[in-house]
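Asks: Pasting a predicted model and its sequence here:
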Amino acid sequence: MSSALRTSHTELFNFMQLIRIPISAALAGLLLFILSGCGSEALLTNVTASSDIITPNGDGVTDELAISYTIGAPAKISAVIEDSAGTRYPIRQQLQRVPSSEPYTLIFDGTVPGSGQGVRQRVLPDGSYTWTLEAMPDDGGSPMSQRGEFKVENAAATPPTIEDLSVTAEFSPNEDAVDDVAYFSYRLPVSATTTISLSDEQGAPIPFISDLPEDATVHSHIWDGKRTDGSLVDSGTYTYTITARDEVGNIVERQGEIVVDNPGRSRAAITFTHIAPVEVSLGSVITMTARIKNTGDVPIRTQGPPSGYQYTTNNSFSSIEDGQYAEKGGGFWRVGLDWGGGHGYPFRWALSSRPPEQWAEPGKFDYLQPGEEVEVTGSVRIEQREDRMQFYVGLVHEGVGYPVNNAGRTLICVGIPHVETKCPRHAP
Ligand SMILES: [Ca+2]
Ligand SMILES: [Ca+2]
């Protein structure tokens, strides 16, 4: 069988040489006359292949087949690869070409569209194949085609895979610290270039991860429900497509759906602050009163300690009550009090005027609903030996930042005799 194939390769080679070599011009002209369907301009000529064997394994040596051709009239070019079992793989379809004295070149890298099973593009396995190049003239005349044979050897025909895939089924990107992001997690057995994209119910694409080189290990990515311009997507069902491409061109993909539920942005404003008294002795207590309004379109989630809790300047939200009010991974909002050069708002209280047993999750967290305004009080016993303390109020969106910072600055004079002259609060 291989001897028969070899014979046909030789014949092909000779045939193409006939077309290419000038001394065979008369014969070539006759052939082209026949091939062109008796047209006045030869539609498809000088069709040559760079080789009759390719080894698509990424080593840079005969990885590709270059098929060059000349077009004599405006035409659409298509190319098909066919294996020995008769399966056809279109590799180019209806490419518009205009006449040119310069030859066109079509590069075939050994890959063809995959046939289901999550394989989008794959390297052909070792074997014997034919390529067929067809030109369909724009003027409605007869198409012309040329074909050749080639072999694939040493092919890297094992595609990459996307294993252990886990994707969040439903999430609500509304900054309330509950299911705000979607997780993609998978394992690549071989290194690959990964792309993750989403599309909405109308098919509009939302790029997420683009052509990211990844090693053969476990990978995870977090989607926050935003487009690349930062805008939030709408509620709905989105289709994700993860593709992994290896260095030789095998491409596999996995698809699934993600439900985006009630996306929104949380916003809040401080509408009132008051810190008093402004003259205290060491060991006495100051009290902050603040009013906070949810000015966004989604509920704000908040945690304790509750309004009314008293700190000392020697502790903070993360140290009190066995750490139960430490930051919980982001997304919670609280009102904070700080002083001096900034300590990251060590004193924080829940944005709720309800007692903890009446919270949405009693003792754990509560919500400040859109449009709702609450008054929160908090006190701090002054145990620092500083005589001038500039206190200020802020909103803390934990893990995100300080949406309101440095509000209601108030100078507190601590344990100073003759305070009117030694700790003036009003600039002259
Ligand atoms: Ca090679
Ligand atoms: Ca959420």
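Replies: Thanks, I have the structure now. Ligands and ions are numbered 1, 2, ... in the order given.

Asks: Now whatever residue of the stretch 151-300 of the chain ends up closest to ligand 2: closest residue in space that isn't a chain neighbour?
Replies: Using C-beta to the ion, the single residue of the stretch 151-300 of the chain nearest to ligand 2 is Ser172, 3.5 Å away. (Glycine included, C-beta is placed from N, CA and C.) Leaving aside its sequence neighbours, Ser172 sits nearest to Asp261 (C-beta to C-beta, 6 or more residues apart in numbering; 4.5 Å).

Asks: So which bits of this protein are right by ligand 1?
Replies: 55, 57, 59, 61, 63 (C-beta under 5 Å from the ion).

Asks: what separates the residue of the stretch 151-300 of the chain closest to ligand 2 from ligand 1, distance-wise?
Replies: Distance of Ser172 to ligand 1, given as C-beta to the ion, to the nearest Å: 50 Å.

Asks: Equivalent analysis for Tyr402, please.
Replies: 57 Å.

Asks: element containing that residue, please.
Replies: strand 401-414 (DSSP states H and E).

Asks: Any idea how far that strand is from the middle of the chain?
Replies: Its chain's C-alpha centre and that of strand 401-414 lie 38 Å apart, by C-alpha atoms, centre = their mean, to the nearest Å.

Asks: Show me what it packs onto, helices and strands only.
Replies: strand 268-276, strand 279-280, strand 388-397 (3 or more C-beta pairs under 8 Å, 6 or more residues apart in numbering; DSSP states H and E).

Asks: Make JSON lines from the ones you listed and add mean neighbour count and mean pLDDT to it.
Replies: Formatted as JSON lines, those follow (neighbours: other C-beta atoms under 10 Å; pLDDT from 0 to 100):
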{"stretch": "strand 268-276", "mean neighbour count": "17", "mean pLDDT": "97"}
{"stretch": "strand 279-280", "mean neighbour count": "18", "mean pLDDT": "90"}
{"stretch": "strand 388-397", "mean neighbour count": "21", "mean pLDDT": "94"}
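
Asks: Format these as JSON lines; extra columns: distance to Glu257.
Replies: Converted to JSON lines, those look like this (distance: least, C-beta to C-beta, whole Å):
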{"stretch": "strand 268-276", "distance to Glu257": "33"}
{"stretch": "strand 279-280", "distance to Glu257": "59"}
{"stretch": "strand 388-397", "distance to Glu257": "30"}
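
Asks: and of the ones you listed, who's closest to Ser319?
Replies: Among these, the nearest to Ser319 by C-beta to C-beta is strand 388-397 (16.0 Å).

Asks: who does the closest residue to Asn406 other than its chain neighbours bridge with?
Replies: With sequence-adjacent residues excluded and distances taken as C-beta to C-beta, 6+ apart, Asn406 is closest to Tyr392, at 5.0 Å. In this entry, Tyr392 is beta-bridged to Asp338, by DSSP bridges.

Asks: Max pairwise distance over the residues of the chain next to ligand 1: which two?
Replies: Asn57 and Val61 (8.6 Å).

Asks: Show me which of these two is the more surrounded one.
Replies: Asn57 (19 against 9; other C-beta atoms under 10 Å).

Asks: so what's that one up against?
Replies: Counting by C-beta atoms under 8 Å, 6 or more residues apart in numbering, Asn57 makes contact with 63, 154-156, 248.

Asks: quick one: low-confidence parts of the protein?
Replies: Along the chain, segments meeting pLDDT under 70 span 1-41, 329-330, 419, 424-428.

Asks: the domain parsing of it - what is it?
Replies: The chain is divided into the following domains under automatic domain parsing: 2-152, 163-260, 268-422.

Asks: Out of these, indicate the one that is most buried.
Replies: Highest mean neighbour count among the domains of the chain (mean count of other C-beta atoms under 10 Å): domain 268-422, with a mean of 18.

Asks: So what's the gap between it and the chain middle?
Replies: Domain 268-422 sits 37 Å away from the centroid of its parent chain (C-alpha atoms, centre = their mean).

Asks: wait, does it make contact with ligand 2?
Replies: No: figure legend: domain 268-422 not in contact with ligand 2 (C-beta under 5 Å from the ion); closest approach 7.6 Å.

Asks: who are the neighbours in contact with the residue of the stretch 51-200 of the chain found nearest ligand 1?
Replies: With C-beta to the ion, the shortest gap between the stretch 51-200 of the chain and ligand 1 falls at Thr55, namely 3.4 Å. Neighbour list for Thr55: 61-63, 152-155 [criterion: C-beta under 8 Å, 6+ apart].

Asks: which ones among those are found in strands?
Replies: Val152 (DSSP state E).

Asks: need the contacts of Thr55 in TSV with distance to ligand 2, can you?
Replies: As requested, the contacts of Thr55 are exported to TSV (distance: C-beta to the ion, whole Å):
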residue	distance to ligand 2
Val61	53
Thr62	54
Asp63	48
Val152	51
Glu153	55
Asn154	52
Ala155	48
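
Asks: Take the contacts of Thr55 and keep only those in helices.
Replies: Using DSSP state H, no member of those falls within helices.

Asks: which of the contacts of Thr55 lies closest to Gly344?
Replies: Nearest to Gly344 among the contacts of Thr55, counting by C-beta to C-beta, is Asp63 at 56.0 Å.

Asks: what sits against that closest one?
Replies: Contacts of Asp63 were listed using C-beta under 8 Å, 6+ apart, and they are 54-57, 109-110, 248.

Asks: go on, Lys422?
Replies: Applying C-beta under 8 Å, 6+ apart, one finds that Lys422 lies in contact with 413, 416.

Asks: Could you measure from the residue nearest to Asn406 over to ligand 2?
Replies: 30 Å.

Asks: hmm, back to that, can you verify my assumption that the residue of the stretch 151-300 of the chain closest to ligand 2 contacts Asp179?
Replies: Yes: shown here, Ser172 and Asp179 form a contact pair, counting by C-beta atoms under 8 Å, at 5.2 Å.
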